[in-house]
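>>> This is the structure alone, sequence omitted:
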């Protein structure tokens with residue numbers, strides 16, 4: 001059974017940082033693309049960033065590029081999302097997702113490409 005568990009969410013002020021973690025079990029981590037999505041109230045789930053299973057390519061949404069960084073820990077089967085210079089518009093529930101992406105260039109930002117999801121962690125940025 002595949003399990004993804006996010007942690008690290010919380011309430012911060014504008015300009016501060018948070019680091020989210022995603023602990024993965026039950027899957028072959030080295031063969032899994034790890035992605036982060038977020039969903040704000042009343043909005044669709046939005047792509048944040050993804051790290052290709054090879055670790056050789058990482059892509060970000062334009063809204064977070066330069067502020068957010070994804071990293072992978074192959075030893076501990078964990079993915080992290082370092083979020084710097086947070087803004088109120090970053091407020092959302094953040095989800096970790098994983099799967100083997102056969103067609104990376106077409107799939108990396110698409111929620112249906114990922115079979116496995118965590119329960120989400122709330123990030124709130126106050127102005």
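Alright, I've got the coordinates. For clarity, every value in this text was computed on a predicted model and none was experimentally measured.

>>> Could you give me the buried positions within the least confident helix or strand in the chain by mean pLDDT?
Ranking every helix and strand in the chain by mean pLDDT, DSSP states H and E puts helix 104-107 at the bottom, with a mean of 90. Neighbour counts over helix 104-107 (16 or more other CB atoms under 10 Å) mark 104, 107 as buried. Every C-beta, even on glycine, is put in place using the N, C-alpha and C of the backbone.

>>> for it, packing partners?
Helix 104-107 sits against no helix or strand, with contacts defined as 3 or more CB pairs under 8 Å, 6 or more residues apart in numbering; DSSP states H and E.

>>> Do me a favour and average the pLDDT over the helix or strand just after that helix.
Downstream of helix 104-107, the first helix or strand assigned by DSSP states H and E is strand 116-117. For strand 116-117, the mean pLDDT works out to 96.

>>> residues in contact with strand 116-117?
2, 4, 27, 95, 96, 97, 98, 99 (CB atoms under 8 Å, 6 or more residues apart in numbering).

>>> number of nearby residues for the last one?
Using other CB atoms under 10 Å, residue 99 is surrounded by 20 other residues.

>>> next one: the fifth one
Summarising burial for residue 96: neighbours were counted as other CB under 10 Å, giving 29.

>>> Quick one: list the elements packing against the strand or helix carrying it.
According to DSSP H and E, residue 96 maps onto strand 92-99. Other helices and strands packing on strand 92-99, by 3+ CB pairs under 8 Å, 6+ apart, are strand 3-7, strand 18-25, strand 33-39, strand 78-83, strand 116-117, strand 121-126.

>>> Give me the buried subset of the contacts of strand 116-117.
4, 27, 95, 96, 97, 98, 99.

>>> Please verify my assumption that the first one contacts residue 99.
No - using CB atoms under 8 Å, residue 4 makes no contact with residue 99, being 10.6 Å away.

>>> thinking residue 19 is in contact with residue 9, fair?
No - counting by CB under 8 Å, residue 19 does not reach residue 9; the two are 10.0 Å apart.

>>> Which one of these two is surrounded by more residues?
Shown here are residue 19 and residue 9; by other CB under 10 Å, residue 9 has more neighbours (17 against 13).
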